[in-house]
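Give me a model of this one.
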Amino acid sequence: MLIVTTNDAPGYRIVKTLGLARGITVRSRNIVSDAIGGLQSMLGGRVGAYVKLAETSRSEAYEELVAHAQGMGANAVIAMRYEANEIMEGVTEVLAYGTAVVVEPA
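Now for the predicted structure:
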């Protein structure tokens, strides 16, 4: 599966546009990561506990996007983006989305 953030895929020709594909996950912090993150934030610099949570959330949303696009019959996604929203304190929604397409080498 080819995933690009651009509106086209260099070296490929779009032969069919299938529509919007998306993947979503909702994750919450836990008491352990909050405690570790709080300590790390007081010291300054990278807050590893939250970096891991953010990366896990993005990875899950990305994998859901790929599965959705493949289910639509796509072999590529163009204009891929991430969006995140806090649903409530400590609970974040991460959305990965783009346009599912069928491409062939140019």
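
gap between the top strand by length along the chain and the chain center?
What stands out as the longest strand in the chain, according to DSSP state E, is strand 12-28. Centroid displacement of strand 12-28 relative to its chain, using CA atoms, centre = their mean, to the nearest Å, is 10 Å.

what lines up beside it in the sheet?
For strand 12-28, the paired strands and their directions (DSSP bridges) are strand 91-105 (antiparallel).

Just the buried positions in the strand it pairs with, please.
92, 94-103 (16 or more other CB atoms under 10 Å). In short, each C-beta sits where N, CA and C put it, glycine included.

Kindly indicate which of those lies nearest E63.
E63 lies nearest to A96 out of the buried residues of strand 91-105, by CB to CB, at 8.6 Å.

For the closest one, give the beta-bridge partners.
Counting by DSSP bridges, A96 is bridged to G23, Y82.

hey, what's the residue nearest to E86 when sequence neighbours are not counted bridged with?
Spatial nearest neighbour of E86, chain neighbours left out: T92 (5.3 Å); criterion: CB to CB, 6 or more residues apart in numbering. In this structure, T92 bridges to R27, E86 when assessed by DSSP bridges.

Please look at T92 and S57 and confirm they touch.
Yes - contact criterion CB atoms under 8 Å: T92 and S57 qualify, at 6.6 Å.
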